[in-house]
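Enquirer: Sequence below, structure please.
(chains A and B)
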Amino acid sequence: MSKGAFFGGVHPSYNKDMASGQAVIEMPLPKELIVYFSQNLGAPSNPVVKKGDEVKKGQVIGESGGFVSTPVHAPTSGVVKTVENRPSPVGADMIAAVIVPDGLDEWVEGCNVERGSTGLNREKIKGLIHDGGIVGMGGATFPTHVKLSPPPDKKMDTLIINGAECEPYLTADHRVMLEDAESVLDGAALFAGVIDVKNIVIAIEKNKPDAIITMQRAIAGRSGFTVAEMDVIYPQGAEKQLIYAITGRKVPAGGLPMDVGVLVQNVGTAAAAYEMIRYNRPLIQRVVTVTGSGIKHPKNVLARVGTKFSDLIEFCGGVHGDTAKLINGGPMMGIAQHSLDAGMTKGTSGLVLLREDEVGQFVSDPCIRCGNCLDVCPMTLNPSALSIFIERMRFDDAEEYNLMDCIECGCCAYVCPSKRPMVHHFRRAKAEIRNKAKKAG
Amino acid sequence: MEDNLEGKVPEEKRPSADGPAEKPAVPTDGAAEKPVAPTGESAEKPAAPAEKSADKPAAAGSPPPAAKPKKKDEIGPRFIVSSSPHLHDGRTVSSIMKLVVYALLPATLFSVYAFGFGALKVIIISVASAMIFEALSQKAMGRQIRLADFSAVLTGLLLALNLPSTSPWWLVVTGNFFAIVIAKQLYGGLGYNPFNPALIGRVVLLVSFPVHMTARWVQATPFGSNPFGVDAVTTATPLTMARESLAALGHIDVPFGTQEIMNLLVGNRGGCLGETSVILLLAGGLFLILKKVISWHIPVSFIGSVWALTGIFYLIDKTTYANPSFHVISGGLILGALFMATDYVTSPVTKKGMLIFGAGCGLITVLIRLWGGYPEGVSFAILLMNAATPLIDRFTKPTVFGAVDKQKAAA
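Expert: A predicted model of the protein is given here:
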């Protein structure tokens, strides 16, 4: 099955071969871990440990702060050095537990125990996925148990396992598919069981032929699975675009995939869910691609949640002298970091280090209305008009021009000859509009 | 997952194992890391990297014994922080403007070949005065001087191509004053001008100095035969000839056989500098479409609507109305449709809007040519549609992906 088209999109240089051939390497425990209590989209978790507490690997250190929230676990055994605000990958400081590993890496009682399949009904599985702190590992970190809980009136019929990995540079999902295909498929089967769908599509961009072959082999003998070979175009892995490319269904503006009967989960999330259900191992580690021309030895690293960027970089041989940018995530949607002291989160799919000559610094010009952004916007917005409205503080007009449907993929800014900070404008205006709605409502 | 040895045994770090082939940008912290011939294997050890160890503790394991304790306040590597995306396709305003200038070069060179020294003089004066006016007004208004974006060069060139080769220097300079200072910079500069600057320059000259702009056409001649235009044969543009014959004889009397068509396509006729050679203009336009600088929508709907509308009247009455193909290749339509109407700033951004814009330009052009006071209407048509551009953009606002009311069944 070959699938492709959604409207718009761009073709950046993918630069994936720097790391795609590197087998996943487990990183030794660092000297300290910065574990934020906000590891998911939605409500942050509430700290239940304090300075000086001893914790075991897999122990809950932050409890769920609501329905759209997940618990946070200690990534290893050790001592809580402090609970305080620390620099975070999203820019502002966030409350985190700083854990000093004791080196024993001892599991807490009950974790890392193989579980039989008896008594595993839908609610139980959903509960375990929540308890395991499983969130969307493609970067959005939306709590997985919430996605698995569509209201009864939504008829679900398709599960898409997202291995498109359309972000340039990143190869973490690629490696997971190559090295852990069975866990991905077992996790997918669990998801499919929970939402009661029979049709499971593994979506992989054609630039990962080895992953496609691996997955095709792995699904042999399993029923309901298909592998979709996706055209290589950014943002193929964006939820709405992926659903349209595979099923031809358009998620309504402002709506959710469940509105068209589809659930999308990242390959890493599926594998993590399987680990939790089968072995009672909560989400405390993940594969991170440390890559880019700035890093000496690009690698796919299996690292504990909370591992500091500095430690990841050091593990990969350090940076070249003229490295000018550190990105948490991919270069199209990732966040540029100011500090090496931030710790990775469950959503950190990669660290991309770019050298000076790859990092443009420029003054942005007025819009010349070339219309390139309209040609590439996968949500068919008018980014040109939006950015002009926002520059003039006309947020109402921006809202009328469907700003809130923007997925912040960055295609508009990628092609803008005036190098306008489009996504920056959009994020800022969305925040203004949300704040206004909050005040009004 | 594969367990790699080097990941398990950080103690294996040896200062000498580092491969500092690259020059350290940050000074090393005194660990005497003499470069030992780095081998592929040893270079992969996570041994204290020279660059990093200066400001970050080697947290992955015990630091090499020689490492000094790190000072907390040492400045780490400076990272650039900006909003995503962190990649760009490399196309800039100036690279686009340059491509348009390149696309105009064949027609420009032909104009010098056809009209001789007079054409060259007009082009040089026009481009130079456009750049000078741009720099002066940007300076006067306290803006950054941005000649490097090439937009003034393009405006100056386009205006030159819209002038007769007999234009005196002051005419060219006056046109550029209105184009750059009045039409562009007073409105806020590139991106903010509602009207095409070069066309404002041309139209101001057309209504203010009609004799200079319309009555002194020179028949195109090969450069060698008449380089300075001294004995140039004055002539009328084909459109003027058609109009005059209609007025004098009561019917159109312009020969339009194979020879005449060839002359029009090649550019062997009277007219503004840049409008004569249809073939070279089309080549330039095709280049821009292939380079994705412009899309086909405006040129096709503009030229197509002129052809269709004049075709209708031609079918009704062949004695009063000229052949539609004559209309397409005889005036400034090709230059206007490919290079003036497609100006980004003053034309719609939506594809649907571009089609409407082009059709509107075509309609107004035909109205002026057939019943207006001027033989040619392309410039007025584009300027009038420039005024309608914000409205067109508004009415052709793209429908958002997944719009609830217009959701179509999946194809």
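
Enquirer: Mind listing what's buried along stretch B:283-301?
Expert: By neighbour count with 16 or more other Cβ atoms under 10 Å in any protein chain shown, stretch B:283-301 contains the buried residues B:284-285, B:287-289, B:293-294, B:296-301. Where you see a C-beta, it was placed from the backbone N, CA and C, and this is true even at glycine.

Enquirer: all helices of the stretch 1-150 of chain A, in order?
Expert: Under the criterion DSSP state H, counting those that start in this stretch, helices of the stretch 1-150 of chain A are mapped to A:122-131, A:144-147.

Enquirer: my guess is residue B:188 contacts residue A:365, does it?
Expert: No. Residue B:188 is beyond contact range of residue A:365, at 11.9 Å (criterion: Cβ atoms under 8 Å).

Enquirer: When these two are compared, which one has more neighbours?
Expert: residue A:365 (20 against 13; other Cβ atoms under 10 Å in any protein chain shown).

Enquirer: Enumerate every residue touching the nearest residue to that one once chain neighbours are set aside.
Expert: Excluding the flanking residues, the one nearest residue A:365 by Cβ to Cβ, 6 or more residues apart in numbering or on different chains is residue A:418, at 3.8 Å. Counting by Cβ atoms under 8 Å, 6 or more residues apart in numbering or on different chains, residue A:418 makes contact with A:364-368, B:93, B:191.

Enquirer: Equivalent analysis for residue B:337, please.
Expert: The neighbourhood of residue B:337, defined by Cβ under 8 Å, 6+ apart, consists of B:298-299, B:302-303, B:358, B:361, B:378.

Enquirer: any idea which of these is closest to residue B:112?
Expert: Distance to residue B:112, by Cβ to Cβ, is smallest for residue B:378 among those, at 22.7 Å.

Enquirer: Quick check: chain neighbours aside, which residue is closest to that closest one?
Expert: Among residues not flanking residue B:378 along the chain, residue B:336 sits closest, at 3.9 Å (Cβ to Cβ, 6+ apart).

Enquirer: same thing with residue A:80?
Expert: residue A:53 (4.5 Å).

Enquirer: Count the neighbours of that neighbour for me.
Expert: Around residue A:53 there are 17 residues (other Cβ under 10 Å).

Enquirer: Against chain B, how distant is it?
Expert: According to Cβ to the nearest Cβ, to the nearest Å, residue A:53 and chain B sit 21 Å apart.

Enquirer: Would you confirm that that residue contacts residue A:77?
Expert: No. Counting by Cβ under 8 Å, residue A:53 stays clear of residue A:77, with 11.5 Å between them.

Enquirer: and whichever strand or helix holds residue A:435, what other elements does it pack with?
Expert: Element membership for residue A:435 (DSSP states H and E) is helix A:422-440. Counting contacts by 3 or more Cβ pairs under 8 Å, 6 or more residues apart in numbering or on different chains; DSSP states H and E, helix A:422-440 is packed against helix A:383-391, helix A:395-400, helix A:411-415.

Enquirer: Tell me the helices and strands packed up against the shortest one.
Expert: Right, the one you point to is helix A:411-415. Partner elements for helix A:411-415 (3+ Cβ pairs under 8 Å, 6+ apart): helix A:372-376, helix A:383-391, helix A:422-440.

Enquirer: quick one: is the second one near chain B?
Expert: In this case it means helix A:383-391. Yes. With Cβ under 8 Å from any Cβ of the partner chain as the measure, helix A:383-391 is seen reaching chain B through A:384-385.

Enquirer: quick check: angle from that helix to helix A:422-440?
Expert: In terms of direction (axes from the mean of the first three to the mean of the last three Cα atoms, to 10 degrees), helix A:383-391 departs from helix A:422-440 by 50 degrees.
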